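Q: Kindly return the folded structure for what I paste below:
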Amino acid sequence: MISIPRVSDIFLISIVIGVAISYSYLYLFHIIFGMIIIFSFKRFRENDFKFDLNIFTTNYIYFLPLFFSWYLISVLWSINKAYSFQYLFYIFCGMGIVLYIVLNINTEKKIKRSIKVLGGIFSIQIIFSTLESFTSFRLPISPFSDIVNFFGREPSLQPTLDSFLIPSLIQPPTGFQWNPNDLAIAMIMLTPFFLFLRKNLIKWIALTLISLIIIMTSSRSVLLSMGFLFIIYLIFYKKQIMSVFLVFSFVTIFFSQIENLKESENSQIADIANTFSAISALLSNDLLVGQSLSIRQELALNGINALYETYGFGVGGGGSIAVQERMGGVDGRITSMHNFWLEVMVDSGILFALIFYCWYLMLFRDLFKLGRYSKNYFFKYLGKSISLSLIVFIPASVSASSVIYFLPMWLLFGLAITTLEIQNKINLEEL
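A: The predicted model follows:
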């Protein structure tokens, strides 16, 4: 029997697809989101503009209006008001995603359906990204597509700041995200949802493909974050500390002896050693790493100096870009912060950034506890998956120039909050 898509299904799909169905900077997501706003306002008016705040059982959702309001207030001292209003639009869209999910995907049955829908559309992205990785196939809206001009965009062949492969030898996959680094981040955020699946065949096929896609995006930060993810998974979720210790010891010994192994009389051992030596050199190439680190350090230093000049209040939404632009751009071209966590502090100020960090870590804490103690398998699965996704997003996000308008991040926030809301409602009903 064919299931008729609901508005929530279509909206979730549009969030995942993002730029993949768009013309210039108008996404399918924007059109559907605009329609939802119109119908929501109509319903709000029919209810005499009354809204029952008692429907929320946690306080996490209240941070979003605070987030938007603070960035709105910061326009008063923003060093670039045009960028600030642009950031307000980004935050408004992100806040809309979270609110819609929390208000409409509010039962166990609904969230199970939504996870299936998201699993389906993300699986399609994995398939397309795999094809882009190993064949000449390109999605129409890809910076490497021959017909991308028809969609109001220009081809983009420039290597990213985080790349570790020689750009002339590879055109990395971009999937639904346009940017290979953004695709890599989306893939690693998705990894925990497959990692905790009971279905082993699907799990290992998906994890293998995701790993290959991340490697082919040549995103250094995300690739290193993948190692971090598995360490956290083994220590805190599987409690296999000894396994981590043994693997770490083996890797340390192996790489300390790699030069000797390259001279081994056993040709197979020598070939393996030479292969890993080449990979190690590729990941830690002095020129690329040195250039990347120096650029990131200069971007960070410029932002911190600007924050200091505002006495910790921040330069306003998007102001971190304006700071770099005033200096002509680092390396003559780079103006984005390339560190979301520092970007939030430079833009919104020290106090608000600390509040945001606390909110984020508390969200992770409660989901981690849900994953550990819930008696409901489905919510146990969600608690583990979302909490691990949140924690690995922290290092992985620095791969992108910025994630303020990275729709999968807001989708993750929405799923995180609504999972806790539904679980709390179930607990209250059982009392």
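
Q: alpha carbons only for contacts and neighbour counts from here, please
A: Will do.

Q: For the nearest residue to residue 61 once chain neighbours are set aside, give me its contacts.
A: Spatial nearest neighbour of residue 61, chain neighbours left out: residue 417 (7.0 Å); criterion: CA to CA, 6 or more residues apart in numbering. Residues in contact with residue 417 (CA atoms under 8 Å, 6 or more residues apart in numbering) are 60, 61, 102, 363.

Q: and what of residue 244?
A: Counting by CA under 8 Å, 6+ apart, residue 244 touches 231, 234, 235.

Q: Out of the residues you listed, flag the one nearest to residue 295.
A: Nearest to residue 295, judged by CA to CA, of the contacts of residue 244 is residue 231 at 28.5 Å.

Q: where's that closest one, which helix or strand?
A: Here residue 231 sits within helix 220-232, counting by DSSP states H and E.

Q: okay, that helix in PDB with CA atoms only?
A: Extracted in PDB, the C-alpha atoms of helix 220-232 (Å, rounded to 0.1, in the frame of the first residue of the first chain):
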ATOM      1  CA  ARG A 220      40.500  16.600   6.700                       C
ATOM      2  CA  SER A 221      38.600  17.700   9.800                       C
ATOM      3  CA  VAL A 222      35.700  15.400   9.200                       C
ATOM      4  CA  LEU A 223      38.000  12.400   8.500                       C
ATOM      5  CA  LEU A 224      39.800  13.000  11.800                       C
ATOM      6  CA  SER A 225      36.400  13.500  13.500                       C
ATOM      7  CA  MET A 226      35.400  10.000  12.300                       C
ATOM      8  CA  GLY A 227      38.200   8.600  14.400                       C
ATOM      9  CA  PHE A 228      37.000  10.700  17.300                       C
ATOM     10  CA  LEU A 229      33.500   9.400  16.800                       C
ATOM     11  CA  PHE A 230      34.600   5.700  17.100                       C
ATOM     12  CA  ILE A 231      36.700   6.400  20.200                       C
ATOM     13  CA  ILE A 232      33.700   8.100  21.900                       C
END
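
Q: pLDDT (mean, whole number) over the helix or strand that that helix is followed by?
A: Tracing the chain C-terminally past helix 220-232 and defining elements by DSSP H and E, one meets helix 241-256 next. Here helix 241-256 scores 71 as its mean pLDDT.

Q: So what's the gap between helix 241-256 and the chain middle?
A: 29 Å (CA atoms, centre = their mean, to the nearest Å).

Q: Name the residues of it that come out as buried.
A: For helix 241-256, the neighbour count (16 or more other CA atoms under 10 Å) marks residue 244 as buried.

Q: ok, the closest residue to residue 137 other than its chain neighbours to residue 185 distance?
A: Counting by CA to CA, 6+ apart, the nearest residue to residue 137 once its immediate chain neighbours are dropped is residue 131, at 6.0 Å. For residue 131, the distance to residue 185 equals 18 Å [CA to CA, to the nearest Å].

Q: What of residue 235?
A: Distance from residue 235 to residue 185, by CA to CA: 22 Å.

Q: before we move on, the earlier item: by neighbours, which of the contacts of residue 244 wins?
A: Neighbour counts for these (other CA atoms under 10 Å) peak at residue 231, which has 20 neighbours.

Q: what mean pLDDT does stretch 403-410 have?
A: The model assigns stretch 403-410 a mean pLDDT of 96.

Q: got the contact list for it?
A: Contacts for stretch 403-410 (CA under 8 Å, 6+ apart): 15-16, 18, 87, 90-91, 94-95, 97-98, 182, 186, 340, 397.

Q: Secondary structure and distance to residue 323 added to those residues, as a markdown table?
A: Compiled in a markdown table, the contacts of stretch 403-410 are given as follows (DSSP: H, G, I helix; E, B strand; the rest coil; distance: CA to CA, whole Å):
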| residue | secondary structure | distance to residue 323 |
| --- | --- | --- |
| 15 | helix | 30 |
| 16 | helix | 31 |
| 18 | helix | 28 |
| 87 | helix | 15 |
| 90 | helix | 19 |
| 91 | helix | 20 |
| 94 | helix | 24 |
| 95 | helix | 26 |
| 97 | helix | 29 |
| 98 | helix | 30 |
| 182 | helix | 23 |
| 186 | helix | 28 |
| 340 | helix | 15 |
| 397 | helix | 21 |
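
Q: Let me know the closest of the residues you listed to residue 140.
A: residue 18 (13.4 Å).

Q: That closest one: neighbour count?
A: Neighbourhood size, residue 18 [other CA under 10 Å]: 21.

Q: Let me see the contact set for it.
A: Counted by CA under 8 Å, 6+ apart, residue 18 has contacts 27, 28, 29, 176, 177, 407.

Q: In helices, which of these appear?
A: 28, 29, 407 (DSSP state H).

Q: Just the helices from the stretch 51-200 of the chain, written as ranges.
A: For the stretch 51-200 of the chain, the helices defined by DSSP state H, counting those that start in this stretch cover 63-73, 81-104, 108-134, 180-195, 200-217.
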